[in-house]
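Engineer: Fold the following and give me the result.
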Amino acid sequence: MLDLTRMALRGEMQVPGLPPPVAKLIGFTLTEIELGRAVVELEATERHANPMGTLHGGILCDIADAAMGMAYASTLEEGETFTTLELKINFLRPVWTGRLRAAGHVVQRGHTVGLVECDVLDDNDRKVARASSTCMTLRGERASGR
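Structural biologist: Numbers count the residues shown, from 1 in each chain. Next up, the predicted model:
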């Protein structure tokens, strides 16, 4: 998974599912990936705003979830996939517009369950959100079709 994602990131090959449809919908991009770590970036604009004019919290959840998911996915072996069991996010600072950087990393990777964390920073490197997620590795029949 990691090698294919790196090749897709460098534009060396097309990988089915990369970028995922949600990345195109929201407008985020995977910019870095290594074993247990991934970075997703988004240019937040008015189209991402909630009714009060600040960035909708779901957008922050989406980019944090993407960064954590790609970080976890980078640790998968052949024939494995995963699903998210739980996600928590703390919103620390309001955002209106600007470049956001979500950096996810695997904290603990067990045989079946893992913990992943993510910090979302604005273009002044201020922390605007912190998220954590519990992921479950799927194998065999449970991984089929995912």
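Engineer: Please count neighbours and contacts with C-alpha atoms only from this point.
Structural biologist: Noted.
Engineer: Quick one: the strands in this structure, in order.
Structural biologist: Using DSSP state E, the strands found in the chain span residues 28-34, 37-44, 81-91, 98-109, 113-121, 127-138.
Engineer: Let me have the ones you listed in a markdown table, extended by mean neighbour count and distance to Ala73.
Structural biologist: Shown next, in a markdown table, are those (neighbours: other Cα atoms under 10 Å; distance: least, Cα to Cα, whole Å):
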| stretch | mean neighbour count | distance to Ala73 |
| --- | --- | --- |
| strand 28-34 | 19 | 10 |
| strand 37-44 | 23 | 9 |
| strand 81-91 | 16 | 7 |
| strand 98-109 | 22 | 10 |
| strand 113-121 | 22 | 11 |
| strand 127-138 | 21 | 9 |
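Engineer: Could you tell me which residues within the lowest-mean-pLDDT helix or strand in the chain count as buried?
Structural biologist: Of all helical and strand segments in the chain, the minimum by mean pLDDT, DSSP states H and E falls on helix 2-9, at a mean of 72. For helix 2-9, the neighbour count (16 or more other Cα atoms under 10 Å) marks 2, 5-6, 8-9 as buried.
Engineer: Among these, which one sits closest to Thr54?
Structural biologist: Thr54 lies nearest to Leu9 out of the buried residues of helix 2-9, by Cα to Cα, at 30.3 Å.
Engineer: hang on, the earlier thing: TSV for the strands of the chain, including mean pLDDT and distance to Gly53?
Structural biologist: TSV is the format used below for the strands of the chain (pLDDT from 0 to 100; distance: least, Cα to Cα, whole Å):
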stretch	mean pLDDT	distance to Gly53
strand 28-34	95	20
strand 37-44	97	12
strand 81-91	96	15
strand 98-109	98	13
strand 113-121	98	19
strand 127-138	97	16
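Engineer: Pipe those into CSV and attach distance to Met68 per row.
Structural biologist: As requested, the strands of the chain are exported to CSV (distance: least, Cα to Cα, whole Å):
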stretch, distance to Met68
strand 28-34, 11
strand 37-44, 7
strand 81-91, 10
strand 98-109, 4
strand 113-121, 6
strand 127-138, 7
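Engineer: closest one to Gly145 among those?
Structural biologist: Closest to Gly145 of those is strand 81-91 (Cα to Cα; 9.6 Å).
Engineer: so that closest one versus strand 113-121, what angle?
Structural biologist: Put simply, strand 81-91 runs at 40 degrees to strand 113-121, going by axes from the mean of the first three to the mean of the last three Cα atoms, to 10 degrees.
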